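# build me a model:
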Amino acid sequence: MQALNLPEYNLRTRQQGGQLQIFDPIRKKFVALTPEEWVRQNLIQYLSINKNIPLHMMACERGLVVNRMTKRFDLLVYNTSGKPVMIVECKAPSVVLSDDVYFQIARYNLALKVNYLLVSNGIQHVFGVVDYSSGIIVPKEEIYDYQKLCSE
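From the prediction side, this is the model:
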């Protein structure tokens, strides 16, 4: 798989039925290793190890309803009270982080109403704080750690 702009992690992979799979510690199962999944699993490790987000405070690939349509978020981070605080949208390294990607995560936030958004293709990571009073997303230089995500 492609090198990413993240630290290297020792990820568990296997070959099953002619398909390369990677272990997802949140879903607690092996899943097909696609380029997007490669980004997601590396980002899960980064958030867990480097940003101190407990694995049990993250949800992966679950459904939500936005404007009566069922969608699936990539990652959702919860605070210690169980309230969602950050949505993470993962794309394959070949996908450019365009306005369409930002609109996608913003649409998900219509249903979830979190304070933090993170979009990554493994090469570029865009993290922002939602300013509900002005309706804009304020970009930040660094992804917040769990303590800071939960402090607001």
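# quick one: the strands in this protein, in order.
Listed in chain order, the strands of the chain (DSSP state E) span 13-16, 19-24, 29-32, 58-66, 69-78, 84-90, 116-120, 125-131, 136-140.
# now those strands in a markdown table, with mean pLDDT?
Shown next, in a markdown table, are those (pLDDT from 0 to 100):
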| stretch | mean pLDDT |
| --- | --- |
| strand 13-16 | 94 |
| strand 19-24 | 95 |
| strand 29-32 | 94 |
| strand 58-66 | 74 |
| strand 69-78 | 82 |
| strand 84-90 | 94 |
| strand 116-120 | 95 |
| strand 125-131 | 92 |
| strand 136-140 | 87 |
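# I'd like those as a markdown table, with distance to residue 101 appended.
C-beta coordinates here come from the backbone N, C-alpha and C atoms, glycine included. A markdown table is the format used below for those (distance: least, C-beta to C-beta, whole Å):
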| stretch | distance to residue 101 |
| --- | --- |
| strand 13-16 | 27 |
| strand 19-24 | 22 |
| strand 29-32 | 21 |
| strand 58-66 | 15 |
| strand 69-78 | 11 |
| strand 84-90 | 7 |
| strand 116-120 | 6 |
| strand 125-131 | 9 |
| strand 136-140 | 12 |
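# CSV please, covering the ones you listed and showing mean neighbour count.
Formatted as CSV, the strands of the chain follow (neighbours: other C-beta atoms under 10 Å):
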stretch, mean neighbour count
strand 13-16, 11
strand 19-24, 16
strand 29-32, 13
strand 58-66, 15
strand 69-78, 17
strand 84-90, 23
strand 116-120, 23
strand 125-131, 17
strand 136-140, 12
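# which one, of the ones you listed, ends up nearest to residue 7?
strand 125-131 (12.6 Å; C-beta to C-beta).
# so what touches that closest one?
The set of residues external to strand 125-131 that reach it, using C-beta atoms under 8 Å, 6 or more residues apart in numbering, is 5, 97, 102, 109, 114-120, 137-140, 142-144.
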